[in-house]
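> sharing a model prediction with you, sequence too.
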Amino acid sequence: MTTPGSVRIGKVVAAHGTDGGLRVLPESDHADRWARELRRVHVDRLGRTVSVRGVRMARGAPVLL
């Protein structure tokens with residue numbers, strides 16, 4: 001579910017590491033382009049939003065920190 005003005009970027013598939021990272025299965029071939037610009041993301045169908053402190057790539061997939 002997306003809200004007006006938002007774009008679906010992928011699906012959270014796992015926790016990553018001990019720093020609270022979330023591994024995302026991107027729905028784009030160019031995750032490295034949009035990942036740098038993320039500041040806030042909706043993480044579930046209830047519309048909960050979390051702030052993104054940073055993004056790094058791990059095994060070709062973005063990890064939101």
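Okay, I see it. Residues are numbered from 1 along each chain as shown.
> okay, and the beta partners of residue 16?
Here residue 16 sits in beta bridges with residue 21, as judged by DSSP bridges.
> so it makes contact with residue 23?
Yes - taking contact to mean Cβ atoms under 8 Å, the distance of 4.4 Å between residue 16 and residue 23 places them in contact. Using the backbone N, CA and C atoms, a C-beta is placed for each residue, glycine as well.
> what do those two both touch?
With contacts taken as Cβ atoms under 8 Å, 6 or more residues apart in numbering, residue 16 and residue 23 have 58, 63 as neighbours in common.
> now stretch 38-49, how far from the chain's geometric center?
Between the centre of stretch 38-49 and the centre of its chain there are 9 Å (Cα atoms, centre = their mean, to the nearest Å).
> list the buried residues in it.
Along stretch 38-49, these residues count as buried under the neighbour rule (16 or more other Cβ atoms under 10 Å): 38, 41, 42.
> now, which of those lie within strands?
Those of the buried residues of stretch 38-49 mapping onto strands are 41, 42, per DSSP state E.
> between the buried residues of stretch 38-49, which is nearest residue 55?
Proximity of the buried residues of stretch 38-49 to residue 55, judged by Cβ to Cβ, is greatest for residue 38, which lies at 5.9 Å.
> need the nearest residue in space to that closest one, chain neighbours excluded.
Nearest residue to residue 38 in three dimensions, chain neighbours excluded: residue 52, at 4.5 Å (Cβ to Cβ, 6 or more residues apart in numbering).
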